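J.: Turn this into a model:
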Amino acid sequence: VCQQGSGILSQQRLRTHELLAGGTLGLKIESPERQQVSFRQALVLNRFQLAFKIALALNSKELWNAMGRRCLECLDISWAKKAYRQAMAPGMVLYLERLQTVEDKQLLSGHVAGLFGRFNKARDYFLKSCCPEAALDMHCDFQQWDQALSLAQTLAPHQLPAIYLKSAMQLESKGDFQQALAHFEQALRDCDPGSREHLAQCQAGVARTCIRLGDLQ
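T.: Predicted coordinates:
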C-alpha cells in the first residue's frame, strides 16, 4: 500500500513478490525456469513452506542445499533439517537434530556460524552464550591450537596440557621441530603426574624433536 500525490491510497505489488502473488503456484504448468525464480523469491521472503513445495517439484540437490543454508541463516533448524534430508545429507541431518535441543540463541548462532566456517563470528557468539567453553571445543575440533590455547588459559586451564600435546604433535608433523619441542615440554610441565599415557607421549615427543634438532644429550 502506498500513498499517491493526491493523497489516495493504492496497492502496488513489489517485484520481489510478483511470482508469489497468489500464495500458490501452478507448479505443473510453470516452466522449470519460472519455478526456480519463484523458489529464490520464496527463500528471500523466508516462505520456507512454499519454497519446499517448489523444490519438491524441481527435485534438485542444489536447490535443497540452498534452502538448507537459508534456513540455517534464519536459525530455522526444523526446515533446514527437512531440506537436508531431501538433499540426502544424513550427516547434516544428524547434526541438526542435536542442534534442535539448543535453546540459547547465541549458542545456536555460534554452531551455525561454525558450520559455515565463520570461526571468528562463531567464537564471538559462543563467548556471549551460556556455554563459552563451546568456543574452546570448536577450536579443538578444527585443530586450531593457537586459538584453543589462548582460550584455555582462562576458560579451562586444566585442558592446557592436552592441548599443548596435540599442538606439539601437529607442529612436529609440519616440521616445526623447535616450536613442537617447546609445546611438548610445556605439556610435560603442566600435566598430572598420574597420567602415564600423557607423560609417555610427551617424553617420546621431546626425544624425537631433540634428535631432529641435533640435540643428542
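J.: Quick check: can you list the domain ranges of this protein?
T.: Per automatic domain parsing, the structural domains of the chain span 1-83, 156-217.
J.: mean pLDDT for these: which is lowest?
T.: Of all these, domain 1-83 carries the lowest average pLDDT, namely a mean of 80.
J.: so how far is residue 119 from the nearest residue to residue 148 once chain neighbours are set aside?
T.: Closest residue to residue 148 apart from its sequence neighbours, by CB to CB, 6 or more residues apart in numbering: residue 139 at 4.0 Å. Where C-beta positions appear, they are placed from N, C-alpha and C, glycine not excepted. As for residue 139, its distance to residue 119 is 8 Å (criterion: CB to CB, to the nearest Å).
J.: For these two, indicate the residue with more neighbours.
T.: residue 139 (24 against 17; other CB atoms under 10 Å).
J.: what's near enough to touch that one?
T.: Residue 139 is in contact with 119, 123, 145, 147, 148, 151, counting by CB atoms under 8 Å, 6 or more residues apart in numbering.
J.: Thought residue 167 was touching the third one, still the case?
T.: So that's residue 145. Yes. The pair residue 145 and residue 167 qualifies as a contact (CB atoms under 8 Å) at a distance of 3.5 Å.
J.: And the helices in the chain?
T.: For the chain, applying DSSP state H gives helices covering 32-44, 48-58, 61-73, 77-86, 90-99, 105-115, 119-128, 133-141, 145-155, 160-173, 177-190, 196-212.
J.: what's the distance between the residue lying closest to residue 43 once chain neighbours are set aside and residue 80?
T.: Once flanking residues are discounted, residue 43 sits nearest to residue 70: 4.7 Å by CB to CB, 6+ apart. Relative to residue 80, residue 70 is positioned 8 Å away (CB to CB).
J.: And those two? Which one has more around it.
T.: Set residue 70 next to residue 80 and count neighbours by other CB under 10 Å: residue 80 wins out with 25 against 20.
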